[in-house]
Each structure stands twice: as C-alpha cells, then as structure tokens.
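Peer 1: A predicted structure for the sequence below; I have some questions about it.
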Amino acid sequence: MFAPRRHFLTRILRTAALAVTCTASAAALAQTAKPVHILVGFPAGGGTDMVARLLADKLKEPLGTSVVVDNRPGAGGQIAAQTLKAAPADGTTLFLSHDHTISILPLVVKNPGYQPAQDFVPVAGFATFVNAFAVSAGTPAKGFKDYVEWVKTQGAGKGAVGIPAPASTPEFLVKLIGDKYHLDLISAPYRGSAPMLADMLGNQIAAGVGSVPDFIEHHKAGKVRVVAVLGTQRQAALPDVPTFDELGLKGFAELPFYGIYAPKGTPAAEVQRLSAAVAKVLVLPDVHKQLTDMGLTVGYMSSEQLATRERAYSLAWTHIIQKSGFQPR
C-alpha cells in the first residue's frame, strides 16, 4: 500500500532534478553567450557614460548575457564610431550616442571616418534631452542675464566657455550667444563633459555648455548653476531655469536625442531583438525614474523612428551651421 506514495515521491524528485538541470542549463547558456559591448565615445563619469551604465545593467536580463560599457573617448566620439564601423555585424557590439557624433560631426568634419547612414543601422532611441548653459559656483552670476552683465565687466566682454567637444552643438551655441549679447566668447573644447566639469567645479573656467544630464547632480548640490536650457519648454528636472527661447535666442526647437546603433549588415532579426530589449527596460519604473532624474525625456523609438528623427535633426542643424558660416575642417 506504500507503492503509490513511493511513485509520488519519485515523481517529485524527478521534477526537482529537472528544474535544477534547466536552471543550470540556462545559467550555463548565459555564461557561454558572447557579451555585448556598448561603445561610449566619451570618458567615464560624464552624462552619456552614466546613461550607458544604467542601461547596460538592465539589458543583461532581456539579452541573456553580460553587457559591458566600453569607453572609447576622443575626437568627439569619432573613435568609438570608427570602432563600431569595424566591428562584426553580429549584435555583440553596439554604440550608444547622442546627436553630436551621429548628426553633427558628419556635418562639420570633412572625413570623420564613418558615415552613419552607410555604416550604421539604428537599433532604438530611448530619450531626448536639451543642452544647458551653466556657470561655476565661483562666479557671482545667479542667472543667465547676470552672467552676461558679469562678462561685460571682464576685460571688454571677453570670456571662455567650456564645451565637451570641438565643432559641436555647444560650440555653435556659444557663438550665437556671443553674437546676440555682443560678448567676445571663446569656446574651450574638452575631451568630454567629465574633464570640463572638473574644471568648472575647481573654478578653473567660469561657464560651460553641455547636456542637462552632465550638470543636473552638480546643480542640485549647488556646485554649478544651470542658468538656461535650450528648447521651447522648461525641463521638469529644472522647472525654475528659463529656456533660451524665453531669453530671446530662438531656433532650437529640434531636440537632441540618445540612440543605440549597430554595425551595418547586422541581421534585421537581431536588430529587432536588441530593440525589443531596449523597449522592455525603458518601462521599468526605476529606469524611467533614474533617466528622468538625469534630465532626460524618456521615450522609446523604433529603428525606423530613430532614423527619421536623425534625418530631421541633421537637416535642422545643416541650416544652422551654414548660417553660422562654419566651414568643415
């Protein structure tokens, strides 16, 4: 009469053993799958790097493998972009970038070593953001107009403004500000936002232009002061900071964006799989909150939507750059 019970216990043990085997197999598969490398064209510690590390951590689960951030700083992201171009088109190497490397550099550099439309395939966009003008805590300026008046007292209106990369959106913004307010402003290019911020925090340079994510934490801590943002609407993370549109500097309605790219030739099914993974992590409450706290406006864009946005952004900046008289270097 104990036979049924013995059979029942045997089935339980077999089921448990099968579960352990399946779990071990899944773990082994994750360990043997090739890791995904996300290239970042700027140094560790900057806004783009922080965004990449957040997403890399969350993408591990839906992709079923480790995801590693690979910083390749230099030349405004050109080194990272060239690395992507040369990478195998198998979905194991991606490039997380904002508009500068994808949209601006091909307009201002004669031979950047890559052409996004020919060499990359968009995977997914995940946020838009705005650039901001910030001053160091060592300046007396509490607002943008204060900064303008302060510069006018500094040697006939001369002043240096840090920018994360040469021939970038921030550089054109510095020129436009100088022209509008009759200031002799000089752009001081850095190798990314992190070293620029280090000099601002040390009061080595009085002002800088970068993305809101670059400045937001230091602004909240009172170590720098964001005094103006681009775009036509104030930012939720900085509700008291006016837009340049409010201040009378218009023409920046097309917002910069963040996107993820793969090498050209990556199979469509792999692009779709990677894009779906990005969409999945963006709806996680903690990811949405952290990106929003960084000053980003979170929103998933498919491969096709990201490509459309990039074309519109490039067209808008083609007009701005041509109007400025800038000649590709």
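Peer 2: The structure has been received and is ready for your questions.
Peer 1: quick one: what helix or strand has T292 in it?
Peer 2: Using DSSP states H and E, T292 maps to helix 285-293.
Peer 1: please name every helix or strand in contact with that helix.
Peer 2: helix 47-63, strand 297-301 (3 or more CB pairs under 8 Å, 6 or more residues apart in numbering; DSSP states H and E). Yep, even glycine has a C-beta here, placed from its N, CA and C like the rest.
Peer 1: can you map out the helices along the stretch 201-329 of the chain?
Peer 2: Counting by DSSP state H, counting those that start in this stretch, the stretch 201-329 of the chain has helices at residues 212-220, 244-247, 268-282, 285-293, 303-324.
Peer 1: re the thing from before, as PDB, could you dump the C-alpha coordinates of the helix holding T292?
Peer 2: Extracted C-alpha coordinates of helix 285-293, given in PDB (Å, rounded to 0.1, in the frame of the first residue of the first chain):
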ATOM      1  CA  PRO A 285       9.900  52.200 -13.100                       C
ATOM      2  CA  ASP A 286      13.400  52.600 -11.700                       C
ATOM      3  CA  VAL A 287      15.000  53.000 -15.100                       C
ATOM      4  CA  HIS A 288      12.400  55.600 -16.100                       C
ATOM      5  CA  LYS A 289      12.800  57.500 -12.800                       C
ATOM      6  CA  GLN A 290      16.600  57.500 -13.000                       C
ATOM      7  CA  LEU A 291      16.700  58.700 -16.600                       C
ATOM      8  CA  THR A 292      14.100  61.400 -15.800                       C
ATOM      9  CA  ASP A 293      16.100  62.500 -12.800                       C
END
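Peer 1: quick one, that helix and helix 268-282 angle?
Peer 2: Here helix 285-293 points in a direction 80 degrees away from that of helix 268-282 (axes from the mean of the first three to the mean of the last three CA atoms, to 10 degrees).
Peer 1: list the buried ones in helix 285-293?
Peer 2: 287, 290-291 (16 or more other CB atoms under 10 Å).
Peer 1: now, among the residues you listed, which is nearest to Y181?
Peer 2: L291 (32.9 Å; CB to CB).
Peer 1: one step back: among the helices and strands packed on helix 285-293, which is nearest P189?
Peer 2: helix 47-63 (16.3 Å).
Peer 1: neighbouring contacts of the helix holding T292?
Peer 2: Contacts to helix 285-293, defined as CB atoms under 8 Å, 6 or more residues apart in numbering, come from residues 51, 54-55, 58, 126-127, 216, 236-237, 281-282, 298.
Peer 1: do that again at 6 Å, thanks
Peer 2: Identification of contacts with helix 285-293 by CB atoms under 6 Å, 6 or more residues apart in numbering yields 54, 58, 281, 298.
Peer 1: avg pLDDT for that helix?
Peer 2: In this model, helix 285-293 has a mean pLDDT of 95.
Peer 1: distance from the chain centre to that helix, please.
Peer 2: A distance of 14 Å separates the centroid of the chain from that of helix 285-293, by CA atoms, centre = their mean, to the nearest Å.
Peer 1: and for stretch 117-133?
Peer 2: 7 Å.
Peer 1: likewise for stretch 68-88?
Peer 2: With CA atoms, centre = their mean as the basis, stretch 68-88 stands 14 Å off its chain's centre.
Peer 1: switch to numbering from 39
Peer 2: Let's use 39 as the start, then, which means that last one is stretch 106-126.
Peer 1: and L101, how far from P294?
Peer 2: Distance, L101 to P294, using CB to CB, to the nearest Å: 26 Å.
Peer 1: again, but for I140
Peer 2: Taking CB to CB, one finds I140 at 10 Å from P294.
Peer 1: who has more neighbours, the two?
Peer 2: A count of neighbours by other CB atoms under 10 Å puts I140 above the other of I140 and P294, at 26 against 23.
Peer 1: are we agreed that that one is in a strand?
Peer 2: No - remark: I140 does not belong to a strand; assigned using DSSP: H, G, I helix; E, B strand; the rest coil, it is helix.
Peer 1: which residues in the stretch 139-288 of the chain form strands?
Peer 2: Here the stretch 139-288 of the chain has its strands, by DSSP state E, counting those that start in this stretch, at 158-166, 169-174, 196-201, 222-227, 245-249, 262-267.
Peer 1: and for the fourth one, what are the contacting residues?
Peer 2: Outside strand 222-227, the residues that touch it by CB under 6 Å, 6+ apart are 195-201, 204, 209, 212, 216.
Peer 1: need the helices and strands packed on helix 323-331 in TSV (columns: distance to V267).
Peer 2: Formatted as TSV, these follow (distance: least, CB to CB, whole Å):
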stretch	distance to V267
helix 85-101	14
strand 335-339	12
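Peer 1: most tightly packed of these?
Peer 2: Mean neighbour counts were compared across those using mean count of other CB atoms under 10 Å; the top stretch is helix 85-101, at a mean of 21.
Peer 1: packing partners for that helix?
Peer 2: If you count contacts as 3 or more CB pairs under 6 Å, 6 or more residues apart in numbering; DSSP states H and E, helix 85-101 packs onto strand 74-78, strand 105-109, helix 306-320.
Peer 1: rewinding a little: as TSV, the helices of the stretch 239-367 of the chain with distance to V78 would be great.
Peer 2: Shown next, in TSV, are the helices of the stretch 239-367 of the chain (distance: least, CB to CB, whole Å):
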stretch	distance to V78
helix 250-258	13
helix 282-285	27
helix 306-320	16
helix 323-331	16
helix 341-362	17
